[in-house]
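Trainee: the sequence and its predicted three-dimensional model are supplied below.
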Amino acid sequence: MSRDTRVLGIEGTAWAASAAVYDAATDDVFIETNAYQPESGGIHPREAAEHMGEHVPEVVETALAHARDLAAEDPTHEAGDPPVDAVAFSRGPGLGPCLRIVGTAARAVAQRLDVPLVGVNHMVAHLEIGRHQSGFESPVCLNASGANAHVLGYRNGRYRVLGETMDTGVGNAIDKFTRHLGWSHPGGPKVEQAAQDGEYVDLPYVVKGMDFSFSGIMSAAKQAVDGAPASEASGGSSDGTFDGGEAVEDVCFGLQENVFAMLTEVAERALSLTGSDELVLGGGVGQNERLREMLGEMCAQRGADFFAPENRFLRDNAGMIAVLGATMYEAGDTLAIEESRIDSNFRPDEVPVSWRGREPVSRPTTDETEVTGAEATVTIETDRVVKRRVPRSYRHPQLDERLRLERTREEARLTSDARRHGVPTPVIYDVDPAEATLVFERVGEVDLRAALTESRVRDVGRHLATIHEAGFVHGDPTTRNVRVAGVEEDTGDTRTYLIDFGLGYYTDDVEDYAMDVHVLAQSLAGTADDPERLLSAAEDAYASVGDEAVVDHLREIEGRGRYQ
């Protein structure tokens with residue numbers, strides 16, 4: 001980036017009427033923000049748009065005044081030149097009325113100054129500000145904000161959504177709980193404060209591969225303070241019951257411990273899938289100290305690096321828009337005025353990442369003797385594999401013990417059941433639920449991610465259809481949880497094995513079956529060079545064995561994602 005590049009950024013996706021100036025010469029970011037505060041309840045789109053209309057011009061003029069001061073002090077700046085080189089703005093995702101106001105302001109300023117216009121994806125900006133400030137090369141990013149929650153990883157010119165919420169954003173979910181308590185917005189800081197005096201309360205914990213859901217836990221939390229049984233609150237997904245209303249501070253404590261452990265677990269699963277050892281945090285919920293603590297502990301336990309930007313770059317802000325805008329401007333990624341329409345459903349995986357090259361992807365070796373997965377350490381011996389679900393220090397001990405015990409038992413049960421129905425799985429030699437340890441037959445040479453072919457992915461599609469017909473799901477059918485016998489097609493034994501059924505469970509719900517295929521699709525997006533072709537092959541193979549209604553339902557799930 002040129003040392004004298006200076007960019008004006010404008011943000012206004014929902015809450016923050018914000019403008020910023022990024023000066024590449026000093027790496028300094030000036031931010032002026034006027035945040036929308038609803039009088040009651042959550043966000044009101046009309047009120048938010050009115051707030052943007054009133055305050056976006058004010059913050060833009062303040063930022064431009066700062067830019068002019070910088071230009072006056074810059075010996076390389078020539079009189080008569082504009083104070084900034086480009087104007088960047090949030091194109092989406094966000095509330096349409098708010099985005100339109102921001103887009104109009106950005107076009108007006110760019111035309112007035114006669115400088116290029118840069119359209120920035122708000123969620124990619126959350127990732128890129130962390131990458132910029134940390135100096136990480138290719139991190140996984142956990143975005144945890146009010147309306148959104150997802151895990152992103154870079155591959156082949158785009159940021160891929162490796163996992164995301166299937167119902168509501170994490171911040172909005174917490175706000176729904178606090179509105180039930182009659183607390184004012186925002187609810188997150190109030191839950192964090194109350195939790196400091198609380199003790200653990202068992203609540204639902206829902207992780208499906210690298211996707212997650214908050215609706216069940218929020219319903220259970222509301223019922224907990226109201227005194228309803230947990231089975232009524234969570235559809236039977238929690239083992240505990242509540243004897244009368246639980247103390248609010250205890251429910252807040254349990255809520256944080258479970259919700260943030262879910263986010264931390266999926267972040268670790270993304271690190272394991274992609275082979276990355278770098279994690280950055282983005283989004284306003286990232287200001288929570290307990291979440292940052294969990295992510296830091298998880299990374300330290302697996303030998304990865306973790307970075308969380310300072311709070312002003314975590315909440316919605318124009319600083320991250322200006323910084324990414326400068327990077328895109330230097331890459332020549334600008335917009336003509338007539339092509340600068342906003343997109344309220346702008347998915348991060350739709351953005352061509354013009355400012356990064358197609359970096360080589362590391363492949364796992366075939367001679368690994370010990371592998372650190374997302375929740376277990378696997379020791380590979382000559383003819384057997386020993387899997388130990390080691391305690392995860394970031395999780396509350398009571399939650400950690402329950403998950404390790406339940407998942408060990410389910411993995412043993414479902415691995416054997418899949419084998420009985422003709423799906424290749426390793427033979428189980430020993431199970432010790434108390435120590436969360438299993439001993440398996442050693443199968444395959446490498447993970448599927450190291451030897452992706454259409455025929456092997458078709459095998460996975462047929463295997464999933466078979467176990468679904470038998471009434472259970474795998475729960476985490478990623479390319480790391482499939483073993484193949486050979487790296488080349490002509491090695492003889494080309495069997496494709498399903499392993500790691502720890503997130504599986506028995507069900508007759510087409511939604512659960514479709515989610516299994518959805519998890520496979522996301523893992524292909526994160527590890528394959530041609531994921532669309534491979535997923536199509538897997539779906540065709542699935543339909544040849546199983547219920548085509550599952551593939552149809554998959555389309556519904558894809559449309560339900562928070563960025564669709």
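Mentor: Ah, there it is.
Trainee: just give me the neighbour total for Thr494.
Mentor: Neighbourhood size, Thr494 [other Cβ atoms under 10 Å]: 16. For glycine as for every other residue, the C-beta is placed from the backbone atoms N, C-alpha and C.
Trainee: how about Val517?
Mentor: 26.
Trainee: give me the nearest residue to it, chain neighbours excluded.
Mentor: Leu554 (5.3 Å; Cβ to Cβ, 6 or more residues apart in numbering).
Trainee: residues of the one helix or strand that neighbour maps to that come out buried?
Mentor: For Leu554, the host element (DSSP states H and E) is helix 548-560. For helix 548-560, a neighbour-count test (16 or more other Cβ atoms under 10 Å) marks 550-551, 553-554, 557 as buried.
Trainee: gap between Ala194 and Ala63?
Mentor: 37 Å (Cβ to Cβ, to the nearest Å).
Trainee: just want to know which of the two has more residues nearby.
Mentor: Between Ala194 and Ala63, counting by other Cβ under 10 Å, Ala63 is the more crowded of the two (25 against 21).
Trainee: thought Cys141 was touching Leu152, still the case?
Mentor: Yes: applying Cβ atoms under 8 Å as the test, Leu152 and Cys141 come out as touching, 4.6 Å apart.
Trainee: common neighbours of the two, please.
Mentor: Residues touching both Leu152 and Cys141 by Cβ atoms under 8 Å, 6 or more residues apart in numbering: 127, 159.
Trainee: neighbour-wise, which of these two wins?
Mentor: Shown here are Leu152 and Cys141; by other Cβ under 10 Å, Cys141 has more neighbours (29 against 26).
Trainee: contacts for whichever helix or strand the more buried one is part of?
Mentor: Cys141 is part of strand 140-144, with elements assigned from DSSP H and E. Residues from elsewhere that reach strand 140-144, judged by Cβ under 8 Å, 6+ apart: 123, 126-127, 130-131, 149-153, 159, 162, 170-171, 263, 266-267, 270-271, 274, 276, 278-286, 291, 295.
Trainee: tell me which residues touch the residue nearest to Asn311 when sequence neighbours are not counted, please.
Mentor: For Asn311, ignoring the flanking residues on the chain, the nearest one in space by Cβ to Cβ, 6+ apart is Gln287 at 4.9 Å. Gln287 sits next to 188-189, 311, 314-315 when contact means Cβ under 8 Å, 6+ apart.
Trainee: continuing past the worst-scoring helix or strand of the chain on mean pLDDT, what's the next helix or strand?
Mentor: Least confident element among the helices and strands of the chain, by mean pLDDT, DSSP states H and E: helix 230-234 (a mean of 40). The helix or strand immediately downstream of helix 230-234 is helix 248-274, counting by DSSP H and E.
Trainee: just checking, next helix/strand downstream of that next one?
Mentor: Following helix 248-274 toward the C-terminus (DSSP H and E): strand 278-282.
Trainee: any idea of the mean pLDDT in the next helix or strand after that next one?
Mentor: The first helix or strand that comes after strand 278-282 along the chain, using DSSP H and E, is helix 289-302. For helix 289-302, the mean per-residue pLDDT is 97.
Trainee: buried residues in helix 289-302?
Mentor: Quick answer for helix 289-302 (16+ other Cβ under 10 Å): 290-292, 294-299, 302.
Trainee: now stretch 473-488
Mentor: Neighbour-count burial for stretch 473-488 flags 473-486 (criterion: 16+ other Cβ under 10 Å).
Trainee: quickly list what the nearest residue to Arg356 once chain neighbours are set aside is bridged to.
Mentor: Leaving aside its chain neighbours, Arg356 sits nearest to Tyr154 (6.8 Å; criterion: Cβ to Cβ, 6+ apart). Taking DSSP bridges as the rule, Tyr154 bridges to Tyr159.
Trainee: quick one, what contacts the closest residue to Arg395 other than its chain neighbours?
Mentor: Leaving out its chain neighbours, the residue that sits closest to Arg395 by Cβ to Cβ, 6+ apart is Ala261, at 4.8 Å. With contacts defined as Cβ under 8 Å, 6+ apart, Ala261 is in contact with 205, 294, 394-396, 399.
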